[in-house]
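Chemist: 3D model of this:
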Amino acid sequence: MIFNRIFFAVPRRAGDLRCQYAERCVRELRAAGADARLLITEPERSISAPESESTDMPVHSLAHGPHDGPSDLWLSLVRFLEENAPCAYVSNGDWTAALACPRLSNRIAVIGVLHEDTREDYDHCARLGRYWNALVVLEPALRQRIIGEYPAIAARLGPMTANSSPADYIPLLSRISADVTSGRYRRRQHRMPNAPQTLFPSMSDRELAREASRVNAVPLWPETARPQAAAVRTTSSAQRVEDHRIILAVPTGRVSGVDVFSVNLARELICRGYKAELVQTAPDAAVSDRLPMPEDVPVGHLQMRPFPTWRERWDAMRRYLEERAPCIYLPNYDSRHSCVAPTLSAGVKIVGIGHSDDAQHYAHLLHLAPYWDAVVGVSDAVTSTIATLAPGIEGRQWTIPYGIPIPESLPRRPSLDGRRLNAVYTGRIVRFQKRALDLLSIATALQQRACDVELTVAGTGTELMEFLGGASQLILSRHLRYVGALANDDVMRLLADSDVFVLPSSFEGLPVSLLEAMAHGCVPVVSSIRSGVPQVIEDGRNGYLLPIGDINGFADRMQHLSSNPEVLESMRSSAYKTVRERHGVDRMTSAYLEVFEKIVSNPYVRPSGRVAPPPGLSGIEAAMPRFPMPVRRVVWRLRGKKH
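Modeler: Predicted coordinates:
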């Protein structure tokens, strides 16, 4: 594995020892031909600094917002490094951000740097040294102390001292690469430890434990899979796509982009004369945003006794599919039931879809891709990452963006003269991924500018109470309106009455909510993220792209649209035209039919095997009935598993 980028971390760009060392290393490494960069892990908290691409010293900055806590910093660091993998991360004495090292995959080479013989540096090494690929100690006295007290860590010491050339990092990375590739030393991904209170004196131990738990609840990024053997293909099949039933999984049926996509695709397939249906594998699960099942699309359910075990669920899933063979099965994000893929006959074709640019979806794809006939990504970024993580799927991979039903014409709006600008956010109220608490800061910035804009928020989520706690004054001043969780039809009516769509997410796949908003003439003001959004939005023409966490930037664009009705109307037309030309449900359906035709006429010979359950669903838990949550928590405690 070649670590082609090196990021030197500093908390802030200031003139201290760590920053001076990082800047010197970056400059000299770049002069030696290495792609070295500076990573500011804790910029000014009011705004995230955009990436700088100066030739002298490229500077990157993690996103920070007014409502972000330590867990947001750690999650942001993990995502940044995994998105840039394979790469090297030089923690450079940044004790706070480096606490996330146990969550990093082996696609990142982690190098700890200790500058001084102090208690803080020593404790930092004792706490995190086992999660580093290499250790650089610039102070001779501390180096000797570590050799004597931590021989396992000392075995990975680099040769550099305070007077060494930064170019010595190049052979060190070559050594790390050889160790990782050969398996001599590979870091184990692990739970993040609780942060020491000395780093966060204003927070209690309980609050810090809660922040660490929030990080540990996010799935780990997967390691790169071993290359698969080239696909062996048989001669053309006599069956046609028309002979197959097309089954799309909607596990609980939620108002989510994936489930809405499934309904749209199934409905269009039926309109074209194909046999399509939805299957709810967990309809009894408690969700707050349940999606009403469509009356014009058949919906199936697994036949099981009350409180089934996971093994019984897998038997029911396998039976459901085999009884409908020949069929084409789209598991979507249902990793807990699609793990039966290795046991299915050739009469069941499987099309896996990467719906989001996040660890959970990639882990699902990596786990089961060898048993799928085709792998689809909803954006170029998702498809590229899948290909990197799962080498050997060439010939079975496609990119198919989402498609949605689109009104025949651009919905009319009354002129802005004499009325306020209506902005809208539709989605989950959570900090991770959606950054929903940034909406409070955006509305506050608009209020402070006396801008006549009302931001309507629709949705629910785990941070709802925290969101509402900060929204009271904004609601009273009519700069914010909360309408709760809405059915999909109600969301469409809300979009038809809105001018601007706001999406401050830190990552997405290809947001269906964004496409729906543009189809109804809403101008997107969204985060500039790598997946999906750049394929839809051209900054300044059909929407605005802002750095993640740039509160003032979001407010600036909305204020500009509020003050310039002619710009708003032009961008509304461009947004509608973009979706109409590229993201109609008919276009998406035709693309999927091409994939179905390919796997039916020239099938991939899948390997067979046993059920391949995701982590946490094997052994005793797979054999036990799926009791209500309080009972399951007792089982987890008995197993020593913290949830």
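Chemist: how about the helices in the stretch 201-350 of the chain?
Modeler: 205-216, 257-271, 310-323 (DSSP state H, counting those that start in this stretch).
Chemist: Point out the most buried one among these.
Modeler: helix 257-271 (a mean of 21; mean count of other CB atoms under 10 Å). Bear in mind the C-beta positions are built from the backbone N, C-alpha and C, glycine included.
Chemist: can I get the helices of the stretch 201-350 of the chain in TSV with mean pLDDT and distance to Pro331?
Modeler: Below are the helices of the stretch 201-350 of the chain laid out as TSV (pLDDT from 0 to 100; distance: least, CB to CB, whole Å):
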stretch	mean pLDDT	distance to Pro331
helix 205-216	95	26
helix 257-271	96	11
helix 310-323	95	10
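Chemist: As a check, name the ranges of all strands in the stretch 351-500 of the chain.
Modeler: Along the stretch 351-500 of the chain, counting by DSSP state E, counting those that start in this stretch, strands occupy 374-377, 397-399, 421-426, 453-458, 480-484, 500-503.
Chemist: mind checking which of these is nearest Leu62?
Modeler: Distance to Leu62, taken as CB to CB, is lowest for strand 500-503 among the strands of the stretch 351-500 of the chain, at 19.4 Å.
Chemist: List the contacts of the following helix or strand past that closest one.
Modeler: As assigned by DSSP states H and E, the chain's next helix or strand after strand 500-503 is helix 512-519. Helix 512-519 is contacted from outside by 257-258, 260-261, 402, 404-407, 424, 426-427, 491-492, 495, 498, 501, 503, 508, 524, 526, 532-533, 536, 542-543, 575-576, 578-580, 583, using CB atoms under 8 Å, 6 or more residues apart in numbering.
Chemist: same thing with stretch 373-380?
Modeler: 349-357, 365, 369, 383-386, 390, 393, 396-402, 509-510, 531-532, 535, 592, 595, 598-599, 603-604, 606.
Chemist: Could you give me the ChimeraX syntax to select whichever of these are buried?
Modeler: The buried subset of the contacts of stretch 373-380, as determined by 16 or more other CB atoms under 10 Å, is captured in ChimeraX by this line:
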select :349,350,351,352,353,354,355,356,357,365,369,383,385,386,390,393,396,397,398,399,400,401,402,509,510,531,532,535,592,595,598,599,603,604,606
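Chemist: Could you report the distance from Gln221 to Val376?
Modeler: Actually, residue 221 is Trp rather than Gln. 20 Å (CB to CB, to the nearest Å).
Chemist: the more surrounded of the two?
Modeler: Trp221 (26 against 23; other CB atoms under 10 Å).
Chemist: hang on, the earlier thing: which one, of the strands of the stretch 351-500 of the chain, ends up nearest to Arg186?
Modeler: strand 374-377 (25.8 Å).
Chemist: Report the rounded mean pLDDT for the closest one.
Modeler: Averaging pLDDT along strand 374-377 yields 97.
Chemist: chain center to that strand: distance?
Modeler: Its chain's average C-alpha position is 17 Å from that of strand 374-377, according to CA atoms, centre = their mean, to the nearest Å.
Chemist: strands paired with that strand, and their directions?
Modeler: With DSSP bridges as the test, strand 374-377 is paired with strand 348-354 (parallel), strand 397-399 (parallel).
Chemist: Out of those, the one nearest His479 is which?
Modeler: Closest among the strands paired with strand 374-377, using CB to CB: strand 348-354, at 37.4 Å.
Chemist: orientation of that closest one relative to helix 310-323 in degrees?
Modeler: Interaxial angle of strand 348-354 relative to helix 310-323 (axes from the mean of the first three to the mean of the last three CA atoms, to 10 degrees): 120 degrees.
Chemist: and Trp74, which of the strands of the stretch 351-500 of the chain is closest to it?
Modeler: strand 500-503 (23.0 Å).
Chemist: just the CA coordinates of the closest one, formatted as CSV?
Modeler: Extracted in CSV, the C-alpha atoms of strand 500-503 (Å, rounded to 0.1, in the frame of the first residue of the first chain):
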residue,chain,number,x,y,z
VAL,A,500,-34.5,27.8,-1.1
PHE,A,501,-33.4,24.3,0.0
VAL,A,502,-30.8,24.2,2.8
LEU,A,503,-28.6,21.1,3.3
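Chemist: which other residues reach it?
Modeler: With CB under 8 Å, 6+ apart, strand 500-503 has contacts from 421-425, 427, 439, 442, 453, 455, 495, 511, 513-514, 517-518, 522-527, 554, 558, 561.
Chemist: try 6 Å this time
Modeler: Around strand 500-503, the neighbours that count as contacts under CB atoms under 6 Å, 6 or more residues apart in numbering are 423-425, 517, 522-526, 558.
Chemist: Show me which of those are buried.
Modeler: By 16+ other CB under 10 Å, these give 423-425, 517, 522-526, 558 as buried.
Chemist: quick one on the thing from earlier: can I get the strands paired with strand 374-377 in a markdown table including distance to Phe432 and mean pLDDT?
Modeler: Listed next are the strands paired with strand 374-377 as a markdown table, based on distance: least, CB to CB, whole Å; pLDDT from 0 to 100:
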| stretch | distance to Phe432 | mean pLDDT |
| --- | --- | --- |
| strand 348-354 | 19 | 97 |
| strand 397-399 | 26 | 96 |
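Chemist: end to end, how far does stretch 395-403 reach?
Modeler: Length of stretch 395-403, first residue to last, CA to CA, to the nearest Å: 23 Å.
Chemist: how far is that stretch from where the chain is centred?
Modeler: 18 Å.
Chemist: before we move on, what about stretch 403-421?
Modeler: Its chain's average C-alpha position is 31 Å from that of stretch 403-421, according to CA atoms, centre = their mean.
Chemist: Also stretch 489-497?
Modeler: 26 Å.
Chemist: which stretches of the stretch 51-200 of the chain have low pLDDT?
Modeler: 51-55 (pLDDT under 70).
Chemist: For it, which segments count as strands?
Modeler: 59-61, 87-90, 108-114, 134-137.
Chemist: Of all these, which one comes closest to Leu446?
Modeler: strand 59-61 (24.3 Å).
Chemist: Report all helices and strands that the closest one contacts.
Modeler: strand 36-40 (3 or more CB pairs under 6 Å, 6 or more residues apart in numbering; DSSP states H and E).
Chemist: List of residues touching stretch 434-444?
Modeler: In contact with stretch 434-444 (CB under 6 Å, 6+ apart) are residues 65-67, 425, 427-431, 455, 470, 474, 479-480, 504-506, 551, 554-555.
Chemist: Can you report the mean pLDDT over the residues of it?
Modeler: Mean predicted confidence for stretch 434-444 is 97.
Chemist: what separates it from the chain centre, distance-wise?
Modeler: With CA atoms, centre = their mean, you get 19 Å for stretch 434-444.
Chemist: next one: stretch 251-263
Modeler: Distance, centroid of stretch 251-263 to centroid of chain: 17 Å (CA atoms, centre = their mean).
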